[in-house]
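In: Predicted model and sequence below, questions to follow.
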Amino acid sequence: MTDLRTRFAPSPTGFLHLGSARTALYNWAHARRHGGCFVLRIEDTDLERSTRESEETVLDGLRWLGLDWDEGPHRQTERRERHGEAIDGLLGADRAYRCTCSREELEVRKEEDIAAGGAGIYDGRCRDLNLGPDCGAHTVRLRVPDEGLLGWDDAVFGPSGQDARQIGDAIIQRGDGTPLYNLAVVVDDIDMAISHVIRGADHHPNTPLQIAIYRALEAPLPTFAHLPLIVGESGKKLSKRRDNVSIQDFRADGHLPEALVNWLVRLGWSHGDDEIFSLTEIGELFSLENVGRSPARAEPPKLAWLGQHYIKALPGDELFARVRPYLESVKGAAVEDEESLRALLELLRERSRTLVEMAELAHWKLREDLEYDEKAVKKHLRPAALPILQALEEAMGGLDEWTLAGLEKAFDAVAAQLGDLKLGKLAQPVRVAITGGPNSPGIFETLEILGRERTLVRIGKAIEIVEARVESAD
Ligand code: GLU
């Protein structure tokens, strides 16, 4: 392993968000590409919002996507002592100081400063008071330099930074003794020897202060790479209401992890005009140089297209194993007849973009009671379909063998008998009769898979439906 170390540092306060999953993927890929180490660190210091359940959800999502980590999960709360030590070290070296200004006082002074045209940053009142540990209630502030640039060469955004004067002496320890987020992140990244901090652009504004902390701790800076914002199809910021943003939801919707990973990697990264990348290829080809700065559009149609690609490519056994849970979740489903289900999946592959879609397309095979599509019934199970259905019922009922060839012959005979009808004229009412809707794989394959008995029952039922319509029209 090389010295290259990346980390994914989620805060376990909800589900695994699309943007976080992309961050995890890029960190994973960068480590794999360079033979480095991918560290997982759970940033659970927000005790009110962090839960073990959410942590499990995040880990579960990573596993499902295939993003294996080499180290961790470390938990930030378990490192409290180290954070305290680092703060004490900074106090000892006079790089930090105690501050007894109350929140109310700070608020008043801040407003006064802003009213006078200032930026409202801390005025440094306690900076040179040399307050000791017995000064009473206090916070600890970092002594941020009075001038100079807190800058870095971002691997994605290029030269970045902020004037130190605009930052002011930031609090690194609260009155209750707990460390501030930026302090904990930097101490952890230093202790874990993280060489590349790759994270969402929303963290770009935190970086100048973090650089001040690195300098105060006399630690070398890692390479920072901030990833472009992900926007929805409309170009607007992703919103939970409008867009699907939870990896768990994508999973429940039947997306393949291969498709999702491929979709995610293209949200910001490119490799020529290539569109299809397996996880292994991503680990071989990924490079930060080819991550763009402009917002990346998360387009669901592209995910659907990738889904179709990966579903088509899955080996039969694998496809069956993956779709099985979704088949079983269809109400009233019977999945015992494995052989013909497998044959059905082969037919459905071409037209399915997700496993859920596949299970839905298989409804007619899985359930005894059909769900009829009203529009299709209205259009295709009309009085004109009655002679067709009746003739086919008889012709198919008399078949010696229920095979593609036999079925084709029965249809040919009925077409001729009814005055040289086209196959489509016969197929559509039959399709609605046996699947409930207007879409299915080829009619002969569909009939073959459904089997003689169920076909004849359904044709009989369709005949009843048409007859009822004829009667009500009389
Ligand atoms: N815990 C932070 C988050 O979930 C990430 C911190 C970082 O990457 O530096 O947004």
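Out: Right, received. Where do you want to start? Residues are numbered from 1 along each chain as shown.

In: Which neighbouring elements make contact with the helix or strand Ala86 falls within?
Out: Using DSSP states H and E, the element containing Ala86 is helix 80-92. Secondary-structure packing of helix 80-92 (3 or more CB pairs under 8 Å, 6 or more residues apart in numbering; DSSP states H and E): strand 96-99, strand 139-142, strand 171-173, helix 181-191. For every residue, glycine as well, the C-beta is placed using N, CA and C.

In: which residues are in contact with the second one?
Out: The set of residues external to strand 139-142 that reach it, using CB atoms under 8 Å, 6 or more residues apart in numbering, is 87, 90-91, 95-99, 122, 126-127, 169-175, 183, 209, 212-213, 216.

In: Near the ligand, which residues of this protein are found?
Out: Within the chain, the positions near the ligand by CB under 6 Å from any ligand atom are Ala9, Pro10, Ser11, Glu43, Val185, Arg199, His203.

In: Now do the contacts for the second one.
Out: To tie it back to what came earlier, the one meant is Pro10. Leu16, Ser20, Ala24, Ile42, Glu43, Val58 are the contacts of Pro10 under CB under 8 Å, 6+ apart.

In: Test my guess that the third one contacts Arg63.
Out: In this case it means Ala24. No. Here Ala24 does not reach Arg63: they are 11.1 Å apart, not a contact under CB atoms under 8 Å.

In: Comparing those two, which residue is more hemmed in?
Out: Just comparing Ala24 and Arg63: by other CB atoms under 10 Å the higher neighbour count belongs to Ala24, 27 against 12.

In: What score does that one have for pLDDT?
Out: Here the pLDDT value assigned to Ala24 is 98.

In: thinking again about what came up before, just the residues of the chain next to the ligand: which are in strands?
Out: Using DSSP state E, the members of those that fall in strands are Arg199.

In: so who does the nearest residue to Leu229 once chain neighbours are set aside touch?
Out: Setting aside the residues directly before and after it, Leu229 is nearest to Pro295 in space (CB to CB, 6 or more residues apart in numbering), at 4.5 Å. By CB under 8 Å, 6+ apart, Pro295 lies in contact with Pro228, Leu229, Ile230, Val231, Gly235.

In: Please tabulate those residues in CSV, including the columns pLDDT.
Out: Formatted as CSV, the contacts of Pro295 follow (pLDDT from 0 to 100):
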residue, pLDDT
Pro228, 96
Leu229, 95
Ile230, 95
Val231, 95
Gly235, 88
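
In: Just give me the neighbour total for Ala119.
Out: By the criterion of other CB under 10 Å, Ala119 has 11 neighbours.

In: Need the phi and psi values for the residue nearest to it when sequence neighbours are not counted.
Out: Nearest residue to Ala119, sequence neighbours excluded (CB to CB, 6+ apart): Gln166, at 6.2 Å. The phi/psi pair for Gln166 (degrees, to the nearest 10) reads phi -80, psi -10.

In: Nearest the geometric middle of the chain, what residue?
Out: Ile247 (3.3 Å; CA atoms, centre = their mean).

In: Pull out the buried residues from the longest helix along the chain.
Out: Assignment by DSSP state H gives helix 452-473 as the longest helix of the chain. By 16 or more other CB atoms under 10 Å, the buried positions in helix 452-473 come out as Arg454, Thr455, Leu456, Arg458, Ile459, Ala462, Ile463, Ile465, Val466, Arg469.

In: same check, this time on stretch 231-250
Out: Val231, Gly232, Leu238, Asp243, Asn244, Val245, Ser246, Ile247, Phe250.

In: contacts for the longest helix of the chain?
Out: Residues from elsewhere that reach helix 452-473 (CB under 8 Å, 6+ apart): 370, 377, 381-383, 385-386, 389-390, 392-393, 396-397, 399, 402, 429-430, 432-434, 447, 450.

In: same deal with stretch 313-328?
Out: Taking CB under 8 Å, 6+ apart as the rule, stretch 313-328 contacts 254, 256, 311, 333, 335, 338, 341-342, 345-346, 349, 355-356, 358-359, 362, 366.

In: circling back to that earlier point, PyMOL command to pick out the buried ones of the contacts of strand 139-142?
Out: To isolate the buried members of the contacts of strand 139-142 in PyMOL, using 16+ other CB under 10 Å:
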select buried, resi 87+90+91+95+96+97+98+99+122+126+169+170+171+172+173+183+209+212+213+216
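
In: and stretch 5-23, how far from the chain's centre?
Out: 11 Å (CA atoms, centre = their mean, to the nearest Å).

In: buried sites along it?
Out: 5-12, 14-23.

In: Pull out the buried members of the contacts of helix 452-473.
Out: 370, 377, 381, 385-386, 389-390, 392-393, 396, 429-430, 432-434, 447, 450.

In: host element of Arg251?
Out: helix 247-252.

In: the strands in the protein, which residues?
Out: Using DSSP E, strands in the chain cover 5-8, 37-42, 71-75, 96-99, 139-142, 149-154, 158-163, 171-173, 196-200, 223-227, 230-231, 296-297.

In: Which of those has the highest mean neighbour count?
Out: Among the strands of the chain, strand 5-8 has the highest mean neighbour count (mean count of other CB atoms under 10 Å), at a mean of 26.

In: ok, Arg241 to the ligand distance?
Out: Using CB to the nearest ligand atom, to the nearest Å, we find Arg241 at a distance of 21 Å from the ligand.

In: ugh, wrong one, I meant Val144
Out: Counting by CB to the nearest ligand atom, the gap from Val144 to the ligand is 19 Å.

In: From here on, call the first residue 4.
Out: Done: numbering now begins at 4, and the last item shifts to Val147.

In: Please give me every residue in contact with that residue.
Out: So Val147 contacts Ala167, Ile170, Gly171, Asp172, Ala173, Leu212, Ala215 (CB under 8 Å, 6+ apart).

In: In a markdown table: those residues, plus pLDDT and distance to Arg35.
Out: What follows is the contacts of Val147, written out as a markdown table (pLDDT from 0 to 100; distance: CB to CB, whole Å):
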| residue | pLDDT | distance to Arg35 |
| --- | --- | --- |
| Ala167 | 93 | 37 |
| Ile170 | 91 | 36 |
| Gly171 | 91 | 40 |
| Asp172 | 96 | 40 |
| Ala173 | 96 | 35 |
| Leu212 | 97 | 31 |
| Ala215 | 97 | 32 |
